[in-house]
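Novice: here are the coordinates; sequence isn't available:
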């Protein structure tokens, strides 16, 4: 399961089979198709998305809160701000760790994209 991103301009979520079919229908010979990333890279992307959206939702909560709830939400905004400042360090370490794990345990069903190498067929 992966969230929708780039809406409303994301029209294609193509598999390796779809890429091969598109290439062949358009006069290309596929040399190779390699998955990029894997399960762990996908988890790292979800982590980054979570950190970004959590910060935005907390700012909205502070604006709408009153009294004690406002203090509570301000406290959480402070915690999330500190976490957001530290997040790039953590995310980079996590991305490195996840990329190593993906190389050790590559599963073609979980990928963040594909690298396709193709050449135009001679007419």
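Specialist: All right, it came through fine. Computed from a predicted model, the values in this text were never measured in an experiment. Numbering: from 1, shown residues only.
Novice: Only C-alpha atoms from now on, for both contacts and neighbour counts.
Specialist: Will do.
Novice: Name the secondary structure element that contains the residue minimising distance to the centre of the chain.
Specialist: Of all residues in the chain, the one closest to the mean position by C-alpha atoms, centre = their mean is residue 45, 3.3 Å from it. Assignment of secondary structure by DSSP states H and E places residue 45 within helix 39-64.
Novice: By residue count, tell me the biggest helix in the protein.
Specialist: The longest helix of the chain (DSSP state H) is helix 67-104.
Novice: What residues sit buried inside the helix or strand just after it?
Specialist: Beyond helix 67-104 on the C-terminal side, the first helix or strand identified by DSSP H and E is strand 113-120. Residues of strand 113-120 classed as buried: 113-114, 118 (neighbour count, 16 or more other C-alpha atoms under 10 Å).
Novice: Same question for stretch 96-114.
Specialist: Within stretch 96-114, the residues scored as buried using 16+ other C-alpha under 10 Å are 98-99, 101-102, 106, 110-114.
Novice: so which one among the residues you listed has the lowest pLDDT?
Specialist: Within the set of the buried residues of stretch 96-114, pLDDT is lowest for residue 106 (66).
Novice: will you turn the buried residues of strand 113-120 into JSON lines that also has distance to residue 66?
Specialist: Below are the buried residues of strand 113-120 laid out as JSON lines (distance: C-alpha to C-alpha, whole Å):
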{"residue": "113", "distance to residue 66": "45"}
{"residue": "114", "distance to residue 66": "48"}
{"residue": "118", "distance to residue 66": "59"}
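Novice: Many thanks, have a good one.
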